[in-house]
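Participant: Sharing a sequence plus its predicted fold:
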Amino acid sequence: MRARSTRLARSTAQQRGELPPAEMSCTIEKALADAKALVERLREHDDAAETLIEQTTALNKRVEAMKQYQEEIQELNEVARHRPRSSLVMGIQQENRQIRELQQENKELRTSLEEHQSALELIMSKYREQMFRLLMASKKDDPSVIMKLKEQHSKHENKGLREILQITRESFLNMNKDDASESTSLSALVTSSDLSLRKS
């Protein structure tokens, strides 16, 4: 009967937000540990985002190099008049294969960036939820602790996530432009090559 009364009193205290000091301390420590773990995960995703951005930059440079090939199509047509037809066909096939490989790499990087962005949004959602619970549990504690937690939350949310998402969005735009340029280059290459073959 006494145990039942104790559980009932504890339940009533929890509903009123009046947890015993020991349980309140345990709740705050757990919330702090969870918040720290979320921050560590966010840092790991920051590193992964930087790696993806570096890969995207390298890929964009390779795509830019392929674009220069389009400017050399006219010169290729002039040279093709003095080259065997089989050699010209092999060269065109090799260039087409390289363009397709670049397009596939571009697609894979875009998918990785999208997955990374979704993971970041999920982590920040959990982080905000955890910080809210922590603030609620600490509402009767030292106000300086609450202010410190608010500053930490604001710093990671406003500085970290927004910068990463902005870079991700810019990468998406650059890759979309590159895809359009690649398609145009490939189409022009095939058309010009067909004309050269017919003339030869």
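Facilitator: Okay, I see it. Residues are numbered from 1 along each chain as shown.
Participant: so who does the residue nearest to R62 when sequence neighbours are not counted touch?
Facilitator: With Cβ to Cβ, 6 or more residues apart in numbering as the criterion, R62 has its nearest non-adjacent residue at 6.0 Å, and that residue is L102. Where C-beta positions appear, they are placed from N, C-alpha and C, glycine not excepted. By Cβ atoms under 8 Å, 6 or more residues apart in numbering, the contact set of L102 is 59, 62-63, 66, 182.
Participant: domain assignment for this protein?
Facilitator: Domain segmentation of the chain under the TED database yields 24-82, 84-138, 143-188.
Participant: where among the ones you listed is the average confidence lowest?
Facilitator: By mean pLDDT, the lowest-scoring of these turns out to be domain 143-188, with a mean of 57.
Participant: Could you find the closest non-adjacent residue to A119?
Facilitator: H45 (6.1 Å).
Participant: ok, and the one you found, which helix or strand is that part of?
Facilitator: Per DSSP states H and E: H45 is located in helix 21-71.
Participant: Which elements pack onto that helix?
Facilitator: helix 85-137, helix 143-155, helix 162-199 (3 or more Cβ pairs under 8 Å, 6 or more residues apart in numbering; DSSP states H and E).
Participant: Tell me what angle it forms with helix 85-137.
Facilitator: With axes from the mean of the first three to the mean of the last three Cα atoms, to 10 degrees applied, the angle from helix 21-71 to helix 85-137 works out at 160 degrees.
Participant: was I right about A48 contacting H116?
Facilitator: Yes: under the criterion of Cβ atoms under 8 Å, A48 makes contact with H116 at 6.0 Å.
Participant: which residues are in contact with both of the two?
Facilitator: Common contacts of A48 and H116 (Cβ under 8 Å, 6+ apart): none found.
Participant: residues near the residue nearest to A119, how many?
Facilitator: For H45, the count of nearby residues is 20 (other Cβ atoms under 10 Å).
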